[in-house]
Structures are given as structure tokens and as C-alpha cells.
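In: one predicted model, sequence on top.
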Amino acid sequence: MADSVLQNLTARNLFDLRGVIAVVTGGATGIGLMISTTLMANGATVYTVGPKQEELDNVAKLWNDGAGKNPNMGRMHGIAGDVRLKSEAKRLAEEVAKREEHITVLFNNAGIVQGSTTRPKAGATAADFVSAYFDHVTEEDFDNTLRTNTFGPYWLSFAFLPLLEKWKSPENQFSQRFVPQIIMTSSQTGWTKDVVLALQSFPYHFSKAAIGAATASLAHELLPLGIRVNGIAPGPFQTALSSPGTLNELGIPIRPPAHGWEGFQIPCGVSNAPSRDIGTVILMLVANWFISGETVLVDGGTLLKHPSSW
């Protein structure tokens with residue numbers, strides 16, 4: 001008996017995601033690609049959502065070709081859509097429903113940064129602050145950022161609820177291994193008091209703080225359905241969004257970011273294996289049955305050094 005218990009507790013069994021069906025918004029770039037490839041490498045079928053079908057198809061082909069020789073790995077498929085829109089959330093759910101009877105997990109990951117500005121220097125006047133934070137930031141910066149980073153996850157979460165609920169069907173042999181879940185990509189910036197950690201963008205800062213609160217409130221609201229809601233809050237990972245020109249064609253860092261993350265310290269250092277550091281957290285959340293309403297901070301200890309409400 002002990003041998004079978006030990007076998008069930010191996011990483012190979014705990015994180016065998018064959019049968020898992022995941023939808024990842026923004027899943028073809030940055031943090032989303034780290035999520036998608038980790039899921040795929042461990043057997044899951046992954047649907048990535050992004051604005052351009054051709055780009056999604058190119059990324060899917062690249063990784064599907066890489067997985068082609070391993071029958072235990074999953075596959076990636078792209079579906080173009082605008083995550084900002086309520087109508088698109090409904091359409092995307094309908095598109096996935098044409099291909100799958102149910103899904104295991106929805107990753108509300110897509111995000112943008114707009115409205116970054118320059119902090120006024122020491123001795124600045126109120127007029128300098130107005131110039132930096134009022135004149136420089138547009139209404140469109142807030143509108144696009146909040147619609148993408150905050151409103152979109154709301155529409156998508158409810159649009160995909162029926163597919164998540166269907167995962168629990170007794171006919172689904174994998175429902176005994178994995179429970180349905182929504183996972184939000186927040187950010188360490190949602191808990192910091194220093195906007196420099198939010199790439200000096202208040203629209204981004206506000207949007208990620210909202211997602212942190214939404215994760216807990218949606219988890220509470222969806223308790224009767226048995227659908228969990230959790231989140232991850234990445235820190236300063238190298239992506240095309242945060243460090244343009246530092247990644248290769250696979251989205252893997254090839255050199256440290258040019259700006260050196262100046263202005264703040266990362267006690268654990270810049271991650272030299274971001275896919276692993278994000279992927280291990282993702283595997284834990286997908287496999288775990290007993291966590292709900294929580295956001296896992298993955299920031300290299302940054303908020304241990306900087307003012308935060310974490």
C-alpha cells in the first residue's frame with residue numbers, strides 16, 4: 001500500500017495534466033506564454049487568446065512542432081479576440097464550446113501598460129506633478145488599461161462559467177483529479193505603494209490592485225458553484241512588455257534588461273528562469289484542491305524591501 005501512495009505523490013503524477021483543458025488570455029507572449037508552455041509541456045490542451053490570429057497560429061505551430069515527438073505533451077491552439085469587450089467574451093466562450101465540452105481552468109492573464117510617465121524630481125512643485133500625472137496621462141490610457149486588465153477578466157470569468165461548471169460532469173473521467181478554476185494574473189504592483197514598481201503607470205497600478213481584490217470577491221461569490229478563483233502576482237519578470245529586445249524568438253530572456261530594474265532591489269535577483277518560476281506556481285494551483293481566494297506573490301522578495309500592503 002505504501003508504494004502506491006508514494007507513487008501517487010510523485011511530481012510526475014501530481015502534475016500530469018493530460019485531460020486538462022485551459023484557456024489563457026494573452027497566452028502567446030510574456031507571462032501568458034510561460035503559463036501556456038508549462039501547461040502544454042505537462043499534457044494540457046491550451047487555447048491561447050490574443051488580438052491577431054496569424055501571430056497566435058505562428059506561436060502555436062512553433063510549440064506544437066516542439067512537442068510533436070512527445071505523445072505525453074499537450075497541444076496549443078489560438079483563437080483571436082478582443083478581451084476588453086463583453087460581446088467578445090461571449091463569442092470566445094462559444095468558440096471554445098464548439099471544440100470542447102468543458103474546460104478545467106481559465107487564465108485571465110492578458111494585460112497592457114499605458115500611461116507611464118516620469119516622476120517629478122526632488123523639489124518639484126505642484127505644477128510639475130500636474131504636468132507629469134495629469135497632462136501626460138490620457139483618458140485613453142485609463143480606458144484601454146482598465147478594459148484590458150480589469151473589465152475583461154470580469155466578462156470572461158462569467159462567460160466561461162458554464163464550460164467550467166460542465167467540467168464537474170460525472171461523465172468526465174478527469175473531474176476526479178482536477179477541479180474547475182479561474183486564475184487571475186495580478187501583479188506585485190497591486191500591493192505596492194510605490195508607482196515606480198508599476199512601470200510608473202497609475203492606470204496599470206490601479207488595474208492590478210482591482211484584480212487583486214476581484215480575485216477574492218469572485219472566489220467568495222462562486223463558492224456555491226464549486227469553482228475556485230485564485231491569482232498570481234508576478235514581480236519584475238523579463239517579458240516583451242517590461243524589457244523590449246531582451247528576449248529570443250521563443251520569448252526566453254537572452255540578456256538582462258537594459259534598464260537594470262533601477263530604482264528598487266530584488267533580494268533574490270532577476271529571475272534567470274522565469275518560465276520555471278512562473279510555471280511551478282501554475283502547476284501547484286492547477287493541481288491543488290484546497291486553495292481558493294488567494295493570490296500567490298512571485299516577486300523575488302521585492303515587496304519585502306519596498307513599501308507594500310501585502
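Out: Now that the structure is in, tell me what you want to look at.
In: low-confidence stretches in the protein?
Out: Where the chain drops to pLDDT under 70, the residues are 238-264.
In: hey, where'd the strands end up in it?
Out: In the chain, the strands defined using DSSP state E lie at 21-25, 45-50, 76-80, 105-108, 181-185, 228-234, 295-298.
In: can you put those in TSV and add distance to Glu95 and mean neighbour count?
Out: From N, CA and C alone the C-beta is placed, and that goes for glycine too. Formatted as TSV, the strands of the chain follow (distance: least, C-beta to C-beta, whole Å; neighbours: other C-beta atoms under 10 Å):
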stretch	distance to Glu95	mean neighbour count
strand 21-25	10	27
strand 45-50	9	26
strand 76-80	5	21
strand 105-108	14	30
strand 181-185	18	25
strand 228-234	23	25
strand 295-298	29	21
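In: tell me which of those lies nearest to Ala132.
Out: Evaluated over the strands of the chain, closeness to Ala132 peaks at strand 228-234, with 26.2 Å, by C-beta to C-beta.
In: what's the angle between the closest one and strand 181-185?
Out: 20 degrees (axes from the mean of the first three to the mean of the last three C-alpha atoms, to 10 degrees).
In: list the contacts of strand 228-234.
Out: Strand 228-234 has contacts (C-beta atoms under 8 Å, 6 or more residues apart in numbering) with 31, 157, 179-188, 190-191, 208, 211-212, 215-216, 218-219, 222, 278, 281-282, 285, 291-299.
In: now that strand, how far from the chain's geometric center?
Out: 8 Å (C-alpha atoms, centre = their mean, to the nearest Å).
In: repeat that for stretch 199-213.
Out: On C-alpha atoms, centre = their mean, the centre of stretch 199-213 falls 14 Å from the chain's centre.
In: put the alpha carbons of that stretch into PDB.
Out: Coordinates of each C-alpha in stretch 199-213 appear next as PDB, following Å, rounded to 0.1, in the frame of the first residue of the first chain:
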ATOM      1  CA  LEU A 199       6.400  50.900 -14.600                       C
ATOM      2  CA  GLN A 200       5.500  54.400 -13.400                       C
ATOM      3  CA  SER A 201       1.900  53.900 -14.700                       C
ATOM      4  CA  PHE A 202      -1.000  54.700 -12.500                       C
ATOM      5  CA  PRO A 203      -3.500  53.200 -14.900                       C
ATOM      6  CA  TYR A 204      -1.600  49.900 -14.700                       C
ATOM      7  CA  HIS A 205      -1.200  50.300 -10.900                       C
ATOM      8  CA  PHE A 206      -4.900  50.800 -10.300                       C
ATOM      9  CA  SER A 207      -5.900  48.000 -12.700                       C
ATOM     10  CA  LYS A 208      -3.800  45.400 -10.900                       C
ATOM     11  CA  ALA A 209      -4.900  46.500  -7.500                       C
ATOM     12  CA  ALA A 210      -8.500  45.900  -8.700                       C
ATOM     13  CA  ILE A 211      -7.700  42.400  -9.900                       C
ATOM     14  CA  GLY A 212      -6.200  41.500  -6.600                       C
ATOM     15  CA  ALA A 213      -9.500  42.500  -4.800                       C
END
